[in-house]
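*Asks:* A predicted structure for the sequence below; I have some questions about it.
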Amino acid sequence: MRTIKIFDTTLRDGEQSAGVNLNFSEKLEIAKQLERLNVDIIEAGFPAASKGDFASVEQIAKTIRSASVTGLARAVKSDIDAAWESLKEGAEPRLHTFLATSPIHREYKLKKSKEEVIAAAVEAVEYASKMFPIIQWSAEDASRTELPFLAEIIEKVIRAGANIINIPDTVGYGTPAEYGRIFSYLREHVPSIDKVHLSAHCHDDLGMAIANSLAAVENGATQVEGTINGIGERAGNAALEEFAVALHIRKDFYGASTAMNLQEISRTSSLVSKLTGMTVPANKAVVGKNAFAHESGIHQDGVLKNKSTYEIISPELVGFHSNAMVLGKHSGKHAFKNRLQELGLTVPDEEIPALFTIFKDLADRKKEMTDDDLAAIVLEEKLSKDQRFYELMQIQVQYGTNQIPTATVTLSGKQNEMLQEAATGAGSIEALYNTLEKCITGEVHLLDYRIQSVGAGRDALAQVYVSLQYEGQESSGRGLAQDVLEASAKAYLNAVNRVIYLKESKTAVLNV
Ligand SMILES: CC(=O)SCCNC(=O)CCNC(=O)[C@H](O)C(C)(C)COP(=O)(O)OP(=O)(O)OC[C@H]1O[C@@H](n2cnc3c(N)ncnc32)[C@H](O)[C@@H]1OP(=O)(O)O
Ligand SMILES: CC(C)C(=O)C(=O)O
């Protein structure tokens, strides 16, 4: 089994993502997490680019001990000097220097002939080798470079002292077969190729960064570069978490793995996402919110019978510890009951059908049911079942910017009688609570009212907490509903019902 080295460039190429600007301490935080993830090389920045970049590369090099820290430099002496100054105290100082080789870049950007490009690259590597023990040289835009010229310049930079040769697909133009062929071509046509490591660096402009990286591995690459969550210039880089998990899951096919601590993937991904502000799409492979979610009944049934039916990666493998099986309107009783058990909610079998009806009713209106939703509806149902003296049947609230809010409420009362009232208030909630007060026998004083959403999203459930005084007794109540007003009414009634329940229980005890 070959071990592929992981070169993380989240802090250099990743930070080149439009709109991303990490400060010193954020970069350090990410570098420390990358160390926990156990990547082999951390490209901490481009030291010559700015004082800030220099300082963070320097600090990261001094701090990180178990990974090799590197910095990028053009084929320019002052860039290489800046890189050395910032990296020299690292555990294993390593330079990453590059020069474009493709005809497009030579002609339009560098304005250099092939000979001039070779001379500049060789000079930079020779200069760097007086300082750095390890030098990586990259042929920028390698995938659009004439292969014989690529082989020629690579042979010369190896002789000049480069230890790692990187073949970037700078603009994400290569296809897997084509990109893989570059590696096999170089292995055949560069005489000194066995003295160096070959590295793949792929961009995702055509969505092929991972496929290309894997093709490179099949054709002899021993190092793969990329970023966490695939962030980076334009469409981004190869997502390292996807690459490492692909190798792990398909080691039977690739015969290769990485030293990455896969359990740290979820934490690393969420840290990078938080600090860069680049949210991870829900359907993103390996780290997306839905990556381990099974929504439809047939899939859920299959997974419950044997996970391997629909799950090739376990969430635990990459550090997700909760089962994210999404329950929704297409779910069945098996999945529902199973989820309750996993949440530690013990519900007797005979109560499952009633709960399932409530759940389905809500799921019809809500996109998906989270664990919090499930726990909330089950607790609501379980805990208030015996305490329903006043029960909400219907509410109607009229509200307009220039109108007096008016509420109409229908309740079922203590003796199952129908109670109906209407009242106004300064706002909708006050109108509602004034109406409820008219329905209920006895005096009610509202003491506190709080509302919060259960889970996220516009269709999140509303959880209302009230505290009130009913017939001289303080009580609190909870109400859960998709609508704020309904949740408010339920919370109010729940608090009143608790007082009645307490009084009735005391009477019952006294009567025994
Ligand atoms: C594919 C990649 O991701 S490469 C890395 C890209 N990352 C970055 O560019 C971020 C950091 N860059 C910077 O801060 C700035 O571009 C600096 C500090 C490096 C240079 O800034 P400036 O001196 O203002 O030059 P500017 O960026 O406008 O132009 C780049 C110059 O470098 C030259 N150049 C580009 N690549 C190389 C190279 N590998 N070796 C030598 N020269 C190079 C360009 O031809 C151009 O030269 P010119 O001024 O003679 O035309
Ligand atoms: C500097 C090189 C490696 C690069 O980032 C690219 O070509 O994409």
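*Replies:* Sure, I can see it. Numbers count the residues shown, from 1 in each chain. Ligands and ions are numbered 1, 2, ... in the order given.
*Asks:* can you give me how far the strand or helix carrying I500 is from the chain middle?
*Replies:* Per DSSP states H and E: I500 is located in helix 484-511. Distance of helix 484-511 from the chain centroid (Cα atoms, centre = their mean, to the nearest Å) equals 42 Å.
*Asks:* Could you pull up the contacting residues of Q452?
*Replies:* By Cβ atoms under 8 Å, 6 or more residues apart in numbering, the contact list for Q452 reads 462-463, 465. (Each C-beta comes from the backbone N, C-alpha and C, glycine too.)
*Asks:* Spell out which parts of this protein neighbour ligand 1.
*Replies:* Counting by Cβ under 6 Å from any ligand atom, the chain comes close to ligand 1 at 13, 16, 46, 48-49, 74-76, 98-99, 109-110, 140, 170, 233.
*Asks:* among the residues you listed, which are in helices?
*Replies:* Here DSSP state H is the test, and the residues of the chain next to ligand 1 give no hits in helices at all.
*Asks:* Could you list which of those also contact ligand 2?
*Replies:* Checking those against ligand 2 by Cβ under 6 Å from any ligand atom, the ones in range are 13, 98, 140, 170.
*Asks:* Can you lay out those residues as TSV showing pLDDT, neighbour count and distance to L502?
*Replies:* TSV is the format used below for these (pLDDT from 0 to 100; neighbours: other Cβ atoms under 10 Å; distance: Cβ to Cβ, whole Å):
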residue	pLDDT	neighbour count	distance to L502
D13	98	23	64
F98	98	23	75
E140	98	20	76
T170	98	24	72
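*Asks:* Can you get me a residue count around the one residue in the stretch 401-512 of the chain that gets nearest to ligand 2?
*Replies:* Closest residue of the stretch 401-512 of the chain to ligand 2, Cβ to the nearest ligand atom: A456 (35.5 Å). Each residue near A456 was counted by other Cβ atoms under 10 Å, and the total is 9.
*Asks:* Does it fall in a helix, a strand, or a coil region?
*Replies:* When classified by DSSP: H, G, I helix; E, B strand; the rest coil, A456 comes out as coil.
*Asks:* Let me know the pLDDT of F320.
*Replies:* pLDDT, F320: 84.
*Asks:* Now it: closest residue in space that isn't a chain neighbour?
*Replies:* Leaving aside its chain neighbours, F320 sits nearest to S266 (5.0 Å; criterion: Cβ to Cβ, 6 or more residues apart in numbering).
*Asks:* residues in contact with the one you found?
*Replies:* By Cβ under 8 Å, 6+ apart, S266 lies in contact with 287, 318-320.
*Asks:* can I assume it sits in a helix?
*Replies:* Yes. Membership of S266 in a helix is supported by three-state DSSP.
*Asks:* With distance to A491 as extra columns, can I get the ones next to ligand 2 among the residues of the chain next to ligand 1 in JSON lines?
*Replies:* As requested, these are exported to JSON lines (distance: Cβ to Cβ, whole Å):
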{"residue": "D13", "distance to A491": "51"}
{"residue": "F98", "distance to A491": "63"}
{"residue": "E140", "distance to A491": "63"}
{"residue": "T170", "distance to A491": "59"}
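*Asks:* Now, the residues you listed that are in strands?
*Replies:* Among those, the residues falling in strands (DSSP state E) are 98, 140.
*Asks:* from the ones next to ligand 2 among the residues of the chain next to ligand 1, which single one is nearest I313?
*Replies:* For these, the residue nearest I313 by Cβ to Cβ is D13; the value is 25.5 Å.
*Asks:* Now do the helices in the stretch 351-500 of the chain.
*Replies:* With DSSP state H, counting those that start in this stretch as the criterion, the stretch 351-500 of the chain has helices at 352-363, 371-384, 428-439, 484-511.
*Asks:* Buried deepest among these, which one?
*Replies:* Counting by mean count of other Cβ atoms under 10 Å, helix 428-439 has the highest mean neighbour count of these, with a mean of 21.
*Asks:* For it, what is the distance to the chain centroid?
*Replies:* The answer for helix 428-439 is 43 Å, by Cα atoms, centre = their mean.
*Asks:* Report the angle between that helix and helix 484-511.
*Replies:* Put simply, helix 428-439 runs at 30 degrees to helix 484-511, going by axes from the mean of the first three to the mean of the last three Cα atoms, to 10 degrees.
*Asks:* Residues in contact with helix 428-439: which ones?
*Replies:* Contacts of helix 428-439 with the rest of the structure, by Cβ under 8 Å, 6+ apart, involve 390, 395, 397, 399, 405-409, 411, 413, 419-425, 444, 446, 449, 485, 488-489, 492-493.
*Asks:* Counting only strands, which of the residues you listed make the cut?
*Replies:* Using DSSP E, the contacts of helix 428-439 in strands are 395, 397, 406-409, 411, 419-424, 444, 446, 449.
*Asks:* just the buried members of those residues?
*Replies:* By neighbour count, with 16 or more other Cβ atoms under 10 Å, these hold 395, 397, 406-409, 411, 419, 421, 423, 444, 446 as buried.
*Asks:* Look up phi and psi at the residue nearest to D364 when sequence neighbours are not counted.
*Replies:* Nearest non-adjacent residue to D364, counting by Cβ to Cβ, 6+ apart: K329, 5.3 Å away. Dihedral pair for K329: phi -70, psi -10, per degrees, to the nearest 10.
*Asks:* Now do K329 against K289, distance only.
*Replies:* To K289, K329 is 19 Å away according to Cβ to Cβ, to the nearest Å.
*Asks:* before we move on, what about Y185?
*Replies:* 41 Å.
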